[in-house]
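# Quick one, structure for this:
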Amino acid sequence: MKKTLLATLLSTFAVGALADINIGVTLSATGPAASLGIPEKNTIDLLPKTIAGQKVNYIVLDDASDTTTAVKNAKKLISENKVDLIIGSTTTPNSLAMIDVAAEGETPMIAMAAAARIVEPMDEKRKWVFKTPQNDAQMSTAIVEHMTNNNVTTVAFIGFSDAYGEGWWKEFSKLAEVRKIKLVANERFNRTDTSVTGQVLKVLSAKPDAILIGGAGTPAALPQKSLKEKGYKGIIYQTHGVANNDFLRVCGKDCEGTVLPSGPMLVAAQLPADNPVKKSALEYVGKYEAVHGKGSVNAFGGYAWDAGMLFANAAPVALKKAQPGSREFRLALRDALEGTANLAGSHGVFNMSPSDHLGLDQRARVMVTIQQGTWKLAR
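The predicted structure is shown next:
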């Protein structure tokens, strides 16, 4: 009798454990992309622990800004932790490398990196992959429009020598050519470099009206500081990859006047009252700053928050079709993510489809300038 009762209790416990939703997270909390990954990690702590009556467990791993480690983490989360969804990674190279793992494990993945190549072109592998940051193509359009409006006719590019820099060069150069902006230099540097003097001298010798730095996080400050040190007086543009306070700290006074596109969350309080993203952006800002202090929030935490919102919106739909821990639930969750409609996040309004696993439009971007060490909405 006792053995039968014990077996029943154990069986009940096992069923309860299987009912939990397990979310695997791999992000760059250390390494060159740490200034992006840390606020993402902090944000994961703010995500709901219960959805539609189901307990949600978050298993968070650090990939140390390393592509190989990101792949290992993704494999571990799927094979050992049996996760229903992966959120990550922080950087474009890491996220691109994880696509095969997610597809092979038939596990939906929400990336927090920008390159359009993460979700385009749609194919059998990418049908499992979604992302929250605005595409480099979207942000390139905003930059080119600003350049045109400010009479920029020649521009130089200096970007990361990886998939992030290449993605930006591809999208920006294509648009610049269409708008008759002459590209006079294309230089690259590594995220771990300590000097870019050679590249900067080549850029300066081309005498561009403006320079676009295709980098992310604190490493993107290196060429900017070098350009200022060498006396460059033209407009310097950065990408939305620098929208965090650590970049402001490292770049210091050399960032004054920098122009960049950003998700509206970065300047949520400055948005007009009728902006469709303002309310949801301020909600996230309030929750984050309540824990980490006023002024601590940045764009990258917002990408993690939006990943959580996408999951929270899709999970109740998937739960009506299958139980967590099963292939059927993962497939139902993938389908529900793909069906996301009119979901206001911290960075934009998501409307996904079988051919669009980002789902953001022009409401997901604003132009920002750096003035006196803070972000200012460009009117």
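# Val250 and Gly231: what is the separation?
When distance is defined by Cβ to Cβ, to the nearest Å, Val250 is 20 Å away from Gly231. (Glycine included, C-beta is placed from N, CA and C.)
# and if you look at Pro276?
The span separating Pro276 from Gly231 equals 43 Å under the rule Cβ to Cβ.
# between these two, which one's more packed in?
Set side by side, Pro276 and Gly231 show unequal neighbour counts under other Cβ atoms under 10 Å, the larger going to Pro276 at 14 against 7.
# For stretch 258-270, buried residues please.
Of the residues in stretch 258-270, those buried by neighbour count under the rule 16 or more other Cβ atoms under 10 Å are 258-268.
# and those residues as a markdown table, adding pLDDT?
Listed next are the buried residues of stretch 258-270 as a markdown table, based on pLDDT from 0 to 100:
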| residue | pLDDT |
| --- | --- |
| Thr258 | 97 |
| Val259 | 98 |
| Leu260 | 97 |
| Pro261 | 97 |
| Ser262 | 95 |
| Gly263 | 94 |
| Pro264 | 94 |
| Met265 | 94 |
| Leu266 | 94 |
| Val267 | 96 |
| Ala268 | 96 |
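# Kindly present these as a markdown table, with separate columns for secondary structure.
Compiled in a markdown table, these are given as follows (DSSP: H, G, I helix; E, B strand; the rest coil):
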| residue | secondary structure |
| --- | --- |
| Thr258 | coil |
| Val259 | strand |
| Leu260 | strand |
| Pro261 | strand |
| Ser262 | strand |
| Gly263 | coil |
| Pro264 | helix |
| Met265 | helix |
| Leu266 | helix |
| Val267 | helix |
| Ala268 | helix |
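# What is the nearest of those to Thr107?
Using Cβ to Cβ, Gly263 is the member of the buried residues of stretch 258-270 that lies nearest Thr107, at 26.3 Å.
# end to end, how far does stretch 103-112 reach?
Distance between the boundary residues of stretch 103-112 (Cα to Cα, to the nearest Å) amounts to 17 Å.
# quick one: average pLDDT of that stretch?
Model confidence over stretch 103-112 averages 98 on the pLDDT scale.
# now swap in stretch 325-337 and tell me
Averaged across stretch 325-337, the pLDDT comes to 98.
# Please enumerate the helices of the stretch 151-300 of the chain.
Counting by DSSP state H, counting those that start in this stretch, the stretch 151-300 of the chain has these helices, from start to end: 163-178, 197-205, 221-229, 245-251, 278-292, 299-319.
# Count the residues that sit near Leu204.
The number of residues packed around Leu204, counting by other Cβ under 10 Å, is 18.
# Kindly state the pLDDT recorded for it?
Leu204 is assigned 97 on the pLDDT scale.
# nearest residue to it other than its sequence neighbours?
Among residues not flanking Leu204 along the chain, Lys230 sits closest, at 5.9 Å (Cβ to Cβ, 6 or more residues apart in numbering).
# List the residues that contact the one you found.
For Lys230, the set of contacting residues under the criterion of Cβ atoms under 8 Å, 6 or more residues apart in numbering consists of 200-201, 204.
# Distance to Asp246 for these - can I get that in TSV?
Putting those into TSV (distance: Cβ to Cβ, whole Å) gives the following:
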residue	distance to Asp246
Val200	22
Leu201	27
Leu204	27
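# For Pro32, see how far away the nearest residue to Gln238 once chain neighbours are set aside is.
Spatial nearest neighbour of Gln238, chain neighbours left out: Leu260 (4.3 Å); criterion: Cβ to Cβ, 6+ apart. Separation of Leu260 from Pro32 (Cβ to Cβ): 19 Å.
# Residue ranges of each domain in this protein, please.
The record's domain parsing of the chain by automatic domain parsing lists 2-134+285-363, 137-262.
# any idea how far the longest one is from the chain center?
Its chain's average C-alpha position is 12 Å from that of domain 2-134+285-363, according to Cα atoms, centre = their mean, to the nearest Å.
# Confirm for me that the residue nearest to Gln238 is in contact with Val366.
No: look at Leu260 against Val366 with Cβ atoms under 8 Å: they stay out of range, at 9.9 Å.
# pull the helix or strand with minimum mean pLDDT from the chain.
Each helix and strand of the chain was given a mean pLDDT (mean pLDDT, DSSP states H and E); the minimum falls on helix 2-19 at a mean of 50.
# Show the subsequent helix or strand relative to that helix.
Beyond helix 2-19 on the C-terminal side, the first helix or strand identified by DSSP states H and E is strand 21-27.
# For that following strand, list the C-alpha coordinates in PDB.
Provided in PDB are the C-alpha atoms of strand 21-27 (Å, rounded to 0.1, in the frame of the first residue of the first chain):
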ATOM      1  CA  ILE A  21       7.500  25.700 -19.500                       C
ATOM      2  CA  ASN A  22      11.300  25.700 -19.800                       C
ATOM      3  CA  ILE A  23      13.000  28.700 -21.500                       C
ATOM      4  CA  GLY A  24      16.600  28.500 -22.400                       C
ATOM      5  CA  VAL A  25      18.600  31.700 -22.600                       C
ATOM      6  CA  THR A  26      22.100  32.200 -23.900                       C
ATOM      7  CA  LEU A  27      23.500  35.700 -23.900                       C
END
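# buried ones in that strand?
Of all the residues in strand 21-27, those buried under the rule 16+ other Cβ under 10 Å are 21-27.
# And stretch 84-104, by the same measure?
Neighbour counts over stretch 84-104 (16+ other Cβ under 10 Å) mark 84-99, 101-103 as buried.
# again, but for stretch 295-309
Going by neighbour count (16+ other Cβ under 10 Å), the buried part of stretch 295-309 is 297-309.
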